[in-house]
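In: sequence? don't have it. structure:
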């Protein structure tokens with residue numbers, strides 16, 4: 001808890017100084033805020049204060065990496081990263097009408113994060129919320145938040161938040 005408090009406190013101090021800089025020098029804060037969001041093709045995940053960038057599709061099928069299956073209203077986003085303790089992040093959303101009015105909020109989304117050492121963490125059953133904030137030419141931009149839990153050790157769980165910007169492919 002103490003480690004988590006310090007990370008949040010440090011991030012808040014950085015945010016305050018960034019805002020003061022924008023106000024004093026008259027620059028746009030939009031670029032500073034935008035830097036904390038995932039660019040096109042990536043999923044950024046903040047786990048217990050540590051930011052991880054997932055930017056590689058790997059050898060995944062398009063249906064898994066960035067697919068939307070219209071007939072069953074299923075969204076799947078998967079990204080990998082090399083040289084990180086996490087191997088991949090996999091977001092799945094069932095019963096999701098991607099053509100609905102924005103923002104699209106889904107409380108029953110599921111996220112899975114796999115560690116390279118074989119540990120698997122999931123956020124599901126109402127513990128993970130995904131929001132699509134923008135959709136232009138099937139490029140989805142959004143955020144998520146909740147908690148992930150170790151599938152082998154239920155007491156091991158962490159707060160999670162993040163952003164994504166993925167061009168989907170419809171199937």
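Out: Received the coordinates, thanks. Owing to the predicted nature of the structure, the values given are computational and were not obtained by experimental measurement.

In: Please measure how far the first residue of stretch 114-129 sits from its last one.
Out: Using Cα to Cα, to the nearest Å, the end-to-end distance of stretch 114-129 comes to 19 Å.

In: Using neighbour counts, pick out the buried residues of it.
Out: By 16 or more other Cβ atoms under 10 Å, the buried positions in stretch 114-129 come out as 114, 121, 122, 123, 127, 128, 129. Using the backbone N, CA and C atoms, a C-beta is placed for each residue, glycine as well.

In: Following the helix-or-strand element of the chain with minimal mean pLDDT in sequence, what is the next regular element?
Out: The helix or strand of the chain with the poorest confidence is helix 30-34; it has a mean of 43 (mean pLDDT, DSSP states H and E). Proceeding N to C from helix 30-34, the next assigned helix or strand is strand 42-47, under DSSP states H and E.

In: Sheet partners, orientation included, of that following strand?
Out: Here strand 42-47 is paired, per DSSP bridges, with strand 50-54 (antiparallel), strand 157-167 (antiparallel).

In: Can you tell me which of those strands has the worst average pLDDT?
Out: The stretch with the lowest mean pLDDT among the strands paired with strand 42-47 is strand 50-54, at a mean of 88.

In: could you point out which element follows it?
Out: helix 62-66.

In: tell me which strands and helices the next helix or strand after that next one is in contact with?
Out: Downstream of helix 62-66, the first helix or strand assigned by DSSP H and E is strand 67-69. In terms of contacts (3 or more Cβ pairs under 8 Å, 6 or more residues apart in numbering; DSSP states H and E), strand 67-69 is packed against strand 74-80, strand 169-170.

In: Not counting its own residues, what contacts the longest one?
Out: If I follow you right, that is strand 74-80. Strand 74-80 is contacted from outside by 42-43, 54-58, 60, 63-69, 87-96, 98, 164, 166, 168, using Cβ atoms under 8 Å, 6 or more residues apart in numbering.
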